[in-house]
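J.: okay, here's the prediction I keep looking at, along with the sequence it came from:
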Amino acid sequence: MLIDFFRSLGHGRHDPRSKSIMKTLTWRVVASTDTLIIAWVLTGDFKIAGSIMSIEIVTKMFLYYAHERAWNRFM
C-alpha cells in the first residue's frame, strides 16, 4: 500500500543514474551544512565540527546513492 502511494506521486520507474547522482550531491550540501552547524554548536570547536562533517560527507553520500537506487529498483 505504501509503495503504491509513492508510485502515484509520479516518480518515474527508472530515473537515470545521473539524476540520482545529482540528487545525492545536492542533498549532501544541505545535510552536511546541517551536520557542521550541529557539531559546532555541540562541541564549540569549528575544527572538530569540520572533521565530523568531512567524514560524514563521504559515508552518507554512498549510503544515500545506494538508498536512492534501491528505491528506484522497487518503484
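T.: Happy to help now that I have it. Residues are numbered from 1 along each chain as shown.
J.: quick check, pLDDT for Trp27.
T.: According to the prediction, Trp27 has pLDDT 85.
J.: one more: Leu9?
T.: In this prediction, Leu9 carries a pLDDT score of 52.
J.: mind listing what's buried in the longest helix anywhere in the chain?
T.: Longest helix in the chain by number of residues, with DSSP state H as the criterion: helix 46-74. Residues 49, 52-53, 56, 60-61, 64-65, 68, 72 are the ones in helix 46-74 that count as buried (16 or more other Cβ atoms under 10 Å). Any C-beta I mention is one placed from the backbone N, CA and C, and that applies to glycine too.
J.: how far does that helix sit from its chain's centre?
T.: On the basis of Cα atoms, centre = their mean, to the nearest Å, helix 46-74 sits 6 Å off its chain's mean C-alpha point.
J.: kindly report the same for stretch 44-63.
T.: Its chain's C-alpha centre and that of stretch 44-63 lie 13 Å apart, by Cα atoms, centre = their mean.
J.: ok, now which ones touch Trp40?
T.: Each residue near Trp40 by Cβ atoms under 8 Å, 6 or more residues apart in numbering is listed here: 46, 49.
J.: buried residues in the helix or strand where it lies, which are they?
T.: Here Trp40 sits within helix 17-43, counting by DSSP states H and E. Buried residues in helix 17-43, counted by 16+ other Cβ under 10 Å: 20, 24, 28, 31-32, 35-36, 39-40.
J.: okay if I get the buried residues of helix 46-74 as JSON lines plus pLDDT?
T.: Shown next, in JSON lines, are those (pLDDT from 0 to 100):
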{"residue": "Ala49", "pLDDT": "97"}
{"residue": "Ile52", "pLDDT": "95"}
{"residue": "Met53", "pLDDT": "94"}
{"residue": "Glu56", "pLDDT": "91"}
{"residue": "Lys60", "pLDDT": "87"}
{"residue": "Met61", "pLDDT": "83"}
{"residue": "Tyr64", "pLDDT": "84"}
{"residue": "Tyr65", "pLDDT": "85"}
{"residue": "Glu68", "pLDDT": "84"}
{"residue": "Asn72", "pLDDT": "84"}
